[in-house]
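> Kindly return the folded structure for what I paste below:
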Amino acid sequence: MRRFACMLAWMSCTACTALPAASDAAIDVDETASLEIGTGLEAYEALPDEAPTLEIVHGPQGGYHVYLSLRVTGLEPDTLLWRVVRTRDAYVFANLELSARPGTFRPSEGALERVGDWVVLAVTSPADVTMDELRVEARVTSRAGATATAMRLVRVVDQVP
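Predicted structure coming up:
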């Protein structure tokens, strides 16, 4: 029964709809607000414009994850939503909503950065996701309701043994 409850909770997380496109962002978004998706465990690393990849990591509890990071300007984040979706069939590998507690975003060069989120992917092995094109989506929302969204197309690789 416990296994069924866990599976049901996981399925409810993956059944959410896609984030709105940048043009559908809330009306109260500060026009100067920007959101950039990156990677990195200890420091923000911008994804390259050409052929961005994310390394899949075998986690300590047996699952697989990627490291995602954000850089935001123009608003003070209160919540953060990560979604990772395969483009060819819209399969949702991850759907994670987080609270931006004090200290989770740190100032850096005029922006706020959140570094090293372990975004767990719903896979049983790296082969389930490597080299598929994935859409990584992020949305941050301020306490006042201002929203910024970002999306990047990436490929997941398994290059580190």
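
> For the residue nearest the centre of the chain, pull up the helix or strand it's in.
Within the chain, one residue has its C-alpha closest to the average C-alpha position: by C-alpha atoms, centre = their mean, that is Trp82, at 3.3 Å. Using DSSP states H and E, Trp82 sits within strand 79-86.

> picking that back up, quick one: the residue nearest to the centre of the chain from Leu134, how far?
According to C-beta to C-beta, to the nearest Å, Trp82 stands 12 Å off from Leu134. In this view, the C-beta of every residue, glycine as well, is placed from N, C-alpha and C.

> Run through the helices of this structure in chain order.
With DSSP state H, the ranges of helices along the chain come out as 2-14.

> which residues in it form strands?
Here the chain has its strands, by DSSP state E, at 34-39, 45-46, 53-55, 57-58, 64-73, 79-86, 92-99, 106-108, 111-121, 133-141, 147-157.

> Show me what the fourth one is in contact with.
For strand 57-58, contacts defined as C-beta atoms under 8 Å, 6 or more residues apart in numbering pick out 64-67, 118, 126, 160.

> Quick check: buried residues in stretch 70-83?
Residues of stretch 70-83 classed as buried: 70-72, 74-75, 77, 80-83 (neighbour count, 16 or more other C-beta atoms under 10 Å).

> oh sorry, the question was meant for stretch 99-116
In terms of neighbour count (16+ other C-beta under 10 Å), stretch 99-116 has its buried residues at 100, 105, 111-115.

> Likewise for stretch 56-74?
Neighbour-count burial for stretch 56-74 flags 56-57, 64-72, 74 (criterion: 16+ other C-beta under 10 Å).

> ok, now which ones touch the nearest residue to Leu96 once chain neighbours are set aside?
Nearest-residue entry for Leu96: Trp82, 4.6 Å, with adjacent residues in sequence omitted and distances by C-beta to C-beta, 6 or more residues apart in numbering. Residues counted as contacts of Trp82 (C-beta under 8 Å, 6+ apart) are 68, 94-98, 117, 119, 136-138.

> Nice, that's everything, thank you.
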